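Q: give me a model of this one.
(one chain, ligands or ions: 1)
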Amino acid sequence: MTSSEALIEVQGVTKRYGALTAVDDLTFTVRPGRVTGFLGPNGAGKSTMLRMILGLVAPTSGTAAVAGHRYRSLSAPLRTVGALLDAHHVHGGRSGRDHLRMLASAAGIGSRRVEEVLGIVGLADAADRRAGAYSLGMRQRLGIAAALLGDPRVLVLDEPVNGLDTEGIRWVRNLLRGMADEGRTVFLSSHLMSEMELVADHLVVIGGGRLLADEATSAFVARSGRHRARVRSLDDGALARRLTADGAVVTSPEGGPSAGLVVSGVDGETIGRAALAARIPLVELTPVRSTLEDVYTGLFDAGAFEGGTFESGQVETR
Ligand SMILES: Nc1ncnc2c1ncn2[C@@H]1O[C@H](COP(=O)(O)OP(=O)(O)OP(=O)(O)O)[C@@H](O)[C@H]1O
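A: Sure thing, here's the model as predicted:
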């Protein structure tokens, strides 16, 4: 396998539904050997874009190719691309094993591989139970098993950790990491930003159908350049007034007066000097690293996601 065979290449893709432009002239390439996260608020166009990559929705203009071909022209689609779109979409009456056997036989894949993927996703013991009675987490595992059936070089996963518990999320993270380390291309969407920050090496960020960023996760996070620090002193009230006068933004974190202050907009040295000048002893001065969520929220506040709805309730906060 040469690495170019495992690229996802999106070139000038636009999708219109009547007057609505769901995806607006997107161009990006997803590369092998790393996990690429696809981020954007609800309605940003992620699912539509993933469906166009998988040949389920036709672009109004532009092209989406996997391993050098449009999905529908692939000679062995399941062996090239593994997809997880909607884990609810399982025939309830069949057992997990029968569901996978049916998919495998349609693609000319032997039943030995079915047993292998059941083992990989940890469903071997539940394989003979009706898939309709599976928990959401088990359905996600079954969907991932289906995606892995053809031992594909490219994985496209829409919200793969939805419905999984902490152990399940860690399992998906390790699985995807392992797939990327083997040189496969892994492209996943998720609205769980703290999770995305842990799993994705690279990010494609969209808002209102448009590309907002296509860069390493670390570069995206570093973009905010915002100084933030947790500060405790022997007189937080007086220190807060002094820092505010110096142009800092000061808030009190949850936890009452003894929890100290969160200071942003000035660096640590400025905080130390302000405390010294006011003769207030500092007890703690800890830099707070910007998270992916901080940057994302910053973009949102700046209006970058106009047209999308951002469900902050679904965002894991630290
Ligand atoms: N078949 C369709 N007909 C009309 N409009 C559609 C259709 N599919 C999607 N849309 C619209 O296109 C826009 C993008 O939707 P899409 O589902 O791709 O966003 P998303 O980023 O995946 O959001 P979510 O996180 O909620 O799934 C939305 O405004 C949606 O209502």
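Q: export stretch 129-140 to CSV, keeping only CA atoms.
A: What follows is stretch 129-140, C-alpha atoms only, in CSV (Å, rounded to 0.1, in the frame of the first residue of the first chain):
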residue,chain,number,x,y,z
ARG,A,129,-28.1,-12.0,21.3
ARG,A,130,-30.6,-10.0,19.3
ALA,A,131,-29.0,-6.8,18.2
GLY,A,132,-32.3,-5.0,18.9
ALA,A,133,-31.7,-5.7,22.6
TYR,A,134,-28.2,-4.3,22.6
SER,A,135,-27.4,-1.2,24.6
LEU,A,136,-26.4,1.9,22.6
GLY,A,137,-22.8,1.2,23.6
MET,A,138,-23.0,-2.3,22.2
ARG,A,139,-24.6,-1.1,19.0
GLN,A,140,-21.7,1.3,18.6
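Q: mind listing what's buried in that stretch?
A: Within stretch 129-140, the residues that count as buried by 16 or more other Cβ atoms under 10 Å are 130-131, 134, 137-140. (Glycine included, C-beta is placed from N, CA and C.)
Q: again, but for stretch 247-263
A: For stretch 247-263, burial by neighbour count (16+ other Cβ under 10 Å) applies to 248, 250, 260-263.
Q: burial count for residue 152?
A: By other Cβ atoms under 10 Å, the residues close to residue 152 number 23.
Q: looks to me like it is in a helix.
A: No - counting by DSSP: H, G, I helix; E, B strand; the rest coil, residue 152 falls outside a helix, being coil.
Q: and it, how far is that from the ligand?
A: According to Cβ to the nearest ligand atom, to the nearest Å, residue 152 and the ligand sit 22 Å apart.
Q: and if you look at residue 195?
A: Relative to the ligand, residue 195 is positioned 14 Å away (Cβ to the nearest ligand atom).
Q: same deal with residue 122?
A: From residue 122 to the ligand the distance is 27 Å (Cβ to the nearest ligand atom).
Q: residue in the stretch 101-250 of the chain nearest to the ligand?
A: The ligand sits closest to residue 191 of the stretch 101-250 of the chain, with a gap of 6.2 Å, by Cβ to the nearest ligand atom.
Q: that residue and residue 235, how far apart?
A: 41 Å (Cβ to Cβ, to the nearest Å).
Q: and those two? which has more neighbours close in?
A: Neighbours per residue, other Cβ under 10 Å: of residue 191 and residue 235, the larger number sits with residue 191, 21 against 14.
Q: what's the pLDDT at that one?
A: pLDDT, residue 191: 75.
Q: narrow the buried residues of stretch 247-263 to those in strands?
A: Among these, the residues falling in strands (DSSP state E) are 250, 261-263.
Q: buried stuff in the longest helix that the chain contains?
A: Across the chain, the longest stretch assigned as helix under DSSP state H is helix 166-181. Within helix 166-181, the residues that qualify as buried are 168-169, 171-173, 175-177, 179-180, counting by 16+ other Cβ under 10 Å.
Q: give me the mean pLDDT for stretch 119-137.
A: pLDDT averaged over stretch 119-137 gives 90.
Q: pull the most distant pair out of the buried residues of helix 166-181.
A: 168 and 180 (18.8 Å; Cβ to Cβ).
Q: right, and the helix or strand after the helix or strand where residue 285 lies?
A: Following DSSP states H and E, one finds residue 285 within strand 282-287. Next along the chain after strand 282-287, taking DSSP H and E as the criterion, comes helix 292-301.
Q: so for that following helix, mean pLDDT?
A: pLDDT averaged over helix 292-301 gives 76.
Q: now the strands for the chain?
A: In the chain, the segments counted as strands under DSSP E are 8-17, 20-30, 34-39, 61-66, 81-84, 154-158, 185-189, 202-207, 210-216, 228-233, 249-251, 261-264, 282-287.
Q: from what I can see residue 291 touches residue 196, true?
A: No - taking Cβ atoms under 8 Å as the definition, residue 291 is not a contact partner of residue 196, at 10.3 Å.
Q: of those two, which one has the most company?
A: Higher neighbour count among residue 291 and residue 196: residue 196, with 23 against 17, using other Cβ under 10 Å.
Q: doesn't residue 295 make contact with the more buried one?
A: No - counting by Cβ under 8 Å, residue 196 stays clear of residue 295, with 11.4 Å between them.
Q: so which bits of the chain are right by the ligand?
A: 17, 20, 22, 40, 42-48 (Cβ under 6 Å from any ligand atom).
Q: any weak-confidence spans in this protein?
A: Within the chain, the stretches with pLDDT under 70 are 1-4, 87-91, 224-225, 254-258, 300, 302-318.
Q: what's the domain layout of it?
A: Domains of the chain are assigned by automatic domain parsing as 3-222, 228-287.
Q: so which of those is the most packed in?
A: domain 3-222 (a mean of 19; mean count of other Cβ atoms under 10 Å).
Q: ok, so of the buried residues of helix 166-181, who is nearest residue 159?
A: Of all the buried residues of helix 166-181, residue 159 sits closest to residue 172, with 10.6 Å by Cβ to Cβ.
Q: brilliant, that's me finished.
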